[in-house]
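Novice: let me see the structure of the following:
(one chain, ligands or ions: 1)
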Amino acid sequence: MAGPRECGKGEAPWKKMSKESFLVTSVPSIVLCLPAVRTLSGKISSTSLSAAAAPAPWPPVILAAELETQYLPSRWVLRLGAEEALRTYSQMGDDATKTARATTRSLLDVPYGDGEGDKLDIYFPKDASGALPFFTFIHGGYWQSGSKDTLAFMVDPLTAQGVAVVILAYDIAPKGTLDHMVDQVTRGIASVQRRYPCNEGIYLCGHSAGAHLAAMMLLANWTEHGVTPNLRGFFLVSGLYDLEPIVHTPLNAPLLMTPEDAQRNSPQRRLEVAPKQPVDAAYPILVIVGQHDAPEFHRQSREFYQTLLQGGWKASFEELHDVDHFEIIWKLTQKDYVLTQIILKTIFQKY
Ligand SMILES: Nc1ccccc1C(=O)C[C@H](N)C(=O)O
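Specialist: Alright, predicted model coming up:
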């Protein structure tokens, strides 16, 4: 595969979406409708030849459907149907948040700004005395669903080990634009630093669209916010880093992103042209994807990881075995889950 920099020059990689990925992985029903043009060997069958010769209306429609399917994580879940996967994800989040609020000392709806949606929740470890590490979570849901009140998966296993957990709210679309959400997350993190200036590190974790918002923090201008947060690590889980493909899917309907909005809010595009980091750029950035995430999510994560490396960041890449887009994050309810362990190891070994 071409490196990220070459990708920027030629045709966008998602425009020549790999035929391999469609045919060898779990095949969503929509893809089964594809004409024989896409054979693994790349040969064009006679059916498709005749189809290609005629001015058929289907090719753009099919390409759009392919693109949308790639960006609908629920279609790639193996063990459950799409609806059931989304339902289970919500249920797990809801249960975990209720438990967290019932059993953990917390400060809820702490304002980080004047906006109605500028709120965060903080959950504390039991015997909190002295400086704490702060694990700050930014939920996913395509910038148009999800809430801090229902997605606090990791509170129990992390607070049990002495980590404070912050769950950050932001104004999802259509209320919020991408620019506004990025600004909110920046202000939210600045406020954690201001409130706890002697923290043992702020660790950012985002899932899916939340990983995008977390990654945008690598570009934040903290001077404008009057404080530099003590960032010590990033966990970017099943994220999106190049938003342009999404402009061409129905997922953009509530987001109303123009190609320019997508470009400005794409850490992949921005970091490709950003100055290189000094070699001692301190904290680790873990780019993490699930084995059963869609091929486009794999491509986006891998290319972002490569761009980080080329930019001098301390990045690593992790594909988590046998988890899909939703399990990868809801399993943070479990203390023995591999990602829970990676997070704790990163925080306490202080890489
Ligand atoms: N609820 C989510 C939470 C996290 C990440 C994605 C979603 C989605 O709903 C994605 C899309 N609507 C899907 O059907 O896969």
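Novice: now F317: phi and psi?
Specialist: When read as degrees, to the nearest 10, the backbone of F317 gives phi -130, psi 140.
Novice: nearest spatial neighbour of it, skipping sequence neighbours?
Specialist: Ranked by C-beta to C-beta, 6 or more residues apart in numbering and with sequence neighbours excluded, the top spatial neighbour of F317 is Y305, at 4.3 Å. All C-beta spots, glycine's among them, are computed from the backbone N, C-alpha and C.
Novice: could you give the number of residues near that neighbour?
Specialist: Per other C-beta atoms under 10 Å, the neighbour tally for Y305 reads 23.
Novice: hang on, it in a helix?
Specialist: Yes - read with DSSP: H, G, I helix; E, B strand; the rest coil, Y305 is one of the residues of a helix.
Novice: report pLDDT for it.
Specialist: Looking at Y305, its pLDDT reads 98.
Novice: how about P278?
Specialist: Spelled out, the predicted local distance difference test score at P278 is 70.
Novice: that one reaches G312, doesn't it?
Specialist: Yes - using C-beta atoms under 8 Å, P278 makes contact with G312 at a distance of 6.9 Å.
Novice: more neighbours, these two?
Specialist: With other C-beta under 10 Å as the criterion, P278 and G312 differ in neighbour count, and G312 comes out ahead with 15 against 8.
Novice: give me the three-state assignment for the more buried one.
Specialist: G312 is classified as coil under three-state DSSP.
Novice: distance of it from L204?
Specialist: For G312, the distance to L204 under the criterion C-beta to C-beta, to the nearest Å works out to 19 Å.
Novice: give the contact list for whichever residue of the stretch 201-350 of the chain sits closest to the ligand.
Specialist: Nearest to the ligand in the stretch 201-350 of the chain, going by C-beta to the nearest ligand atom, is S208, at a distance of 3.9 Å. Residues counted as contacts of S208 (C-beta atoms under 8 Å, 6 or more residues apart in numbering) are P73, G140, G141, Y142, V237, S238, G239, L240, H325, I329.
Novice: before we move on, what about Y123?
Specialist: Contact analysis of Y123 by C-beta under 8 Å, 6+ apart lists A100, T104, R105, S106, A152, V155, T159, A164, V165, V166, I167.
Novice: distance check, the last one against the ligand.
Specialist: Spatial separation of I167 from the ligand under the definition C-beta to the nearest ligand atom, to the nearest Å is 14 Å.
Novice: give the bridge partners for that residue, please.
Specialist: Going by DSSP bridges, I167 is paired in beta bridges with D121, F137.
Novice: tell me the contacts of it?
Specialist: Taking C-beta under 8 Å, 6+ apart, we find I167 in contact with L120, D121, Y123, T136, F137, H139, K148, L151, A152, V155.
Novice: neighbours of L107, just the number please.
Specialist: 12.
Novice: quickly find the element holding C205.
Specialist: Per DSSP states H and E: C205 is located in strand 202-207.
Novice: helices and strands around the next helix or strand after that strand, which ones?
Specialist: Past strand 202-207, further along toward the C-terminus, the next helix or strand under DSSP H and E is helix 209-216. Helix 209-216 sits against strand 134-138, helix 178-195, strand 202-207, strand 231-237, helix 267-272, with contacts defined as 3 or more C-beta pairs under 8 Å, 6 or more residues apart in numbering; DSSP states H and E.
Novice: could you dump the ones you listed to a markdown table with mean pLDDT, distance to F317 and mean neighbour count?
Specialist: Formatted as a markdown table, the helices and strands packed on helix 209-216 follow (pLDDT from 0 to 100; distance: least, C-beta to C-beta, whole Å; neighbours: other C-beta atoms under 10 Å):
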| stretch | mean pLDDT | distance to F317 | mean neighbour count |
| --- | --- | --- | --- |
| strand 134-138 | 98 | 20 | 27 |
| helix 178-195 | 98 | 23 | 20 |
| strand 202-207 | 98 | 16 | 27 |
| strand 231-237 | 98 | 10 | 24 |
| helix 267-272 | 97 | 14 | 21 |
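Novice: just to revisit the earlier point, keep only the contacts of S208 that also lie close to the ligand.
Specialist: Within the set of these, contact with the ligand (C-beta under 6 Å from any ligand atom) is found for P73, G140, G141, Y142.
Novice: possible to save the residues you listed as JSON lines with secondary structure, pLDDT and distance to D261?
Specialist: Rendered in JSON lines, the data for the ones next to the ligand among the contacts of S208 read as follows (DSSP: H, G, I helix; E, B strand; the rest coil; pLDDT from 0 to 100; distance: C-beta to C-beta, whole Å):
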{"residue": "P73", "secondary structure": "helix", "pLDDT": "97", "distance to D261": "22"}
{"residue": "G140", "secondary structure": "coil", "pLDDT": "98", "distance to D261": "19"}
{"residue": "G141", "secondary structure": "coil", "pLDDT": "98", "distance to D261": "19"}
{"residue": "Y142", "secondary structure": "coil", "pLDDT": "98", "distance to D261": "15"}
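Novice: can you pick out the most distant pair from the residues you listed?
Specialist: By the measure C-beta to C-beta, the ones next to the ligand among the contacts of S208 have their two most distant members at P73 and G141, which lie 10.4 Å apart.
Novice: which pLDDT value belongs to A160?
Specialist: What the model reports as pLDDT for A160 is 97.
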